[in-house]
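> Can you look at this prediction? I've put the sequence above it.
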Amino acid sequence: MRTNLINLTWALLAILVIPVCARAAAEFSADTVESHPQYGEHKGHLYMGHDRMRTDFEMNGQQFIQIIDLDKQQAIIINPADKSFMRRAAARSDMMKPPPAANDNPCANMQNLVCKDDGPEVIDGRKTHKWEITRAGQTGALVFWLDDQRKIPIRQQMPDGSSMEMRMLGTEVVNGRKTEKWEITSHSGDGQSQTSLQWYDPVLNMNIRVQQPGGFTRNLTNIKLGRQPDSLFSVPAGYTERTAPQQPEK
């Protein structure tokens with residue numbers, strides 16, 4: 001029974017917990033609301049410190065805490081009900097670092113990848129830098145255009161013919177914060193397309209509202225800037241560490 005609960009906990013974290021998009025530009029706390037047609041509505045609280053993030057959330061009527069520490073490269077899930085916690089190495093998705101400057105080689109220090117610099121290009125009035133990435137032993141290239149200002153790929157073309165484009169629609173005040181509203185359109189290789197929206201807060205360096213196809217939404221509300229206490233990002237005294245289940249090899 002305990003093993004099943006542990007496996008379920010790790011399996012649903014990606015759905016229920018707000019992921020780290022990059023290192024936050026400012027420390028803050030916020031209430032979180034995520035809504036999913038299959039999993040319902042989930043409310044929680046987010047604490048964003050310097051290179052650390054804590055998310056308090058409820059799952060199956062039980063409270064959990066997740067802490068991601070970028071410096072220690074670890075993620076911790078805490079179960080206050082039985083005073084236990086599990087620790088794992090942070091996944092690549094947890095550990096996204098601040099993107100490089102647009103003209104910096106994105107393949108630097110990465111094995112088996114080769115980047116070709118195709119130079120600057122203007123897309124929808126925004127200055128970008130175009131890169132082609134190939135992997136040793138594979139055909140085709142990933143082509144993306146990195147936005148000079150936001151350091152995000154606003155256009156991508158995959159070897160299988162799929163693609164993604166981001167377009168800034170303008171500025172909008174969301175939950176009392178001045179944001180940039182972006183439209184993201186994804187095209188599959190067979191011609192199907194999907195569109196999502198995100199509202200990016202440049203002060204926080206984070207999306208504070210997201211709407212995705214299929215009805216998923218995510219919101220940050222009651223945002224309060226300020227230093228977050230170190231105690232928020234550590235396991236309380238007296239908690240027992242349990243072993244996380246091994247992930248199956250792919």
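In hand now; what should we look at? Residues are numbered from 1 along each chain as shown.

> Out of the helices and strands in this structure, which is least certain?
Lowest mean confidence among the helices and strands of the chain (mean pLDDT, DSSP states H and E): helix 2-16, at a mean of 40.

> Please parse this structure into its domains.
Domain ranges of the chain: 2-96+224-242, 100-148, per automatic domain parsing.

> How far does the longest one sit from its chain's centre?
This means domain 2-96+224-242. Mean-position distance between domain 2-96+224-242 and its chain equals 13 Å (Cα atoms, centre = their mean, to the nearest Å).

> Check the shortest one too.
Relative to the chain's own centre, domain 100-148 is displaced by 21 Å; criterion: Cα atoms, centre = their mean.

> still on that earlier bit, can you add mean neighbour count and give the domains of the chain back as TSV?
Using the backbone N, CA and C atoms, a C-beta is placed for each residue, glycine as well. Below are the domains of the chain laid out as TSV (neighbours: other Cβ atoms under 10 Å):
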stretch	mean neighbour count
domain 2-96+224-242	15
domain 100-148	14
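
> can you redo those domains as a markdown table with distance to L197?
Below are the domains of the chain laid out as a markdown table (distance: least, Cβ to Cβ, whole Å):
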| stretch | distance to L197 |
| --- | --- |
| domain 2-96+224-242 | 14 |
| domain 100-148 | 16 |
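
> so which of those domains comes closest to N205?
Of all the domains of the chain, domain 2-96+224-242 sits nearest to N205, with 3.8 Å by Cβ to Cβ.

> Give me the below-cutoff pLDDT ranges for this protein.
1-24, 91-103, 109, 244-250 (pLDDT under 70).

> Could you report the separation of Q198 from T179?
Here the criterion is Cβ to Cβ, to the nearest Å. By it, Q198 lies 9 Å from T179.

> Repeat that for T221.
Distance, T221 to T179, by Cβ to Cβ: 13 Å.

> who has more neighbours, these two?
Set T221 next to T179 and count neighbours by other Cβ atoms under 10 Å: T179 wins out with 22 against 15.

> my read: the more buried one touches L169, true?
No. Assessed by Cβ atoms under 8 Å, T179 is found out of contact with L169, at 10.7 Å.

> For W145, list the residues it contacts.
E121, I123, T128, H129, K130, W131, P153, I154, R155, Q156 (Cβ atoms under 8 Å, 6 or more residues apart in numbering).

> Kindly provide the distance from it to E41.
Distance from W145 to E41, by Cβ to Cβ: 36 Å.

> hmm, back to that, select, out of the domains of the chain, the one closest to F216.
Of all these, domain 2-96+224-242 comes closest under Cβ to Cβ, at 5.1 Å.

> Thought E27 was touching Q228, still the case?
Yes. If you go by Cβ under 8 Å, Q228 and E27 touch, sitting 5.1 Å apart.

> residue contacts, F85?
Taking Cβ under 8 Å, 6+ apart, one finds I76, I77, I78, N79, V235, Y239, T240, E241, R242 in contact with F85.

> give me the beta-bridge partners of the second one?
Each beta-bridge partner of I77 is listed here: Q66, M86, as defined by DSSP bridges.

> next one: the last one
The partner list for R242 in beta bridges (DSSP bridges) reads M86.

> Correct me if wrong: it contacts R88.
No. R242 is not in contact with R88 according to Cβ under 8 Å; the separation is 11.3 Å.

> Let me see the contact set for T139.
P159.

> which SS class is it?
When classified by DSSP: H, G, I helix; E, B strand; the rest coil, T139 comes out as coil.

> again, but for P213
The three-state label given to P213 by three-state DSSP is coil.

> excluding its backbone neighbours, what's nearest it?
With Cβ to Cβ, 6 or more residues apart in numbering as the criterion, P213 has its nearest non-adjacent residue at 4.3 Å, and that residue is Q194.

> isn't that neighbour right up against M164?
No. The pair Q194 / M164 is not scored as a contact, 9.8 Å apart, by Cβ under 8 Å.
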